[in-house]
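J.: Sharing a sequence plus its predicted fold:
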Amino acid sequence: MKANPNSHPGKSHTAKRTPGNRPLKTAVFAFLLMTALLVGRWAWAQTAPILTVAPTGTNQLCITITNGPVGNYELWTTPVLGDTVNYPWTTLAVGTNSQTVFILTMPPYPAGFYRAILDTNAIPLWEAADPNNQSTGILNVWIDSPANGTTLN
């Protein structure tokens, strides 16, 4: 092994640090750190709401909505997915403003599926003209004909 002709015995070489570029490096590091934190916060805010279902007693369920926007939620249930003719989604509970925890007696089905729907207007979904399009407003029915006490079949 050859010795380095520029080295002095007993001394190790370290890179020279110039104090002039330290504030720039610190500023770049701080900028990258803040950018990473903001992107992480944005990504966390974009995740879907989480629905947690847990038994609380012999005949009660606790359904909790986390990570969702503030608003009025409705809980719906069905025993079978994909068969809306025989097993349609039915309203299980209608929450008040900002309610995210629902304590319910056992639903009608011993096993089933649940979903939470964010109601963005003051009309409950069961009164909406189209529950999938809340801009349609409240359901109104007018019967123009027949009139004068005629029975509709």
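T.: Received the coordinates, thanks. Numbering: from 1, shown residues only.
J.: Please name the nearest non-neighbouring residue to residue 114.
T.: Computed as CB to CB, 6 or more residues apart in numbering, the closest residue to residue 114 that is not its neighbour in sequence is residue 77, at 5.2 Å. Using the backbone N, CA and C atoms, a C-beta is placed for each residue, glycine as well.
J.: tell me the contacts of the one you found?
T.: By CB atoms under 8 Å, 6 or more residues apart in numbering, the residues touching residue 77 are 89, 90, 92, 107, 108, 109, 112, 113, 114, 115.
J.: Next: residue 78.
T.: 84, 87, 88, 89, 90, 109, 112, 113.
J.: follow-up on the earlier one: direction included, what does the host helix or strand of the residue nearest to residue 114 pair up with?
T.: In the assignment (DSSP states H and E), residue 77 maps to strand 72-78. Sheet pairing of strand 72-78 (DSSP bridges) gives strand 90-94 (antiparallel), strand 113-119 (antiparallel).
J.: As a check, name the ranges of all helices in the chain.
T.: 22-45 (DSSP state H).
J.: For it, which helix or strand comes out least confident on mean pLDDT?
T.: When each helix and strand of the chain is scored by mean pLDDT, DSSP states H and E, helix 22-45 comes last, with a mean of 73.
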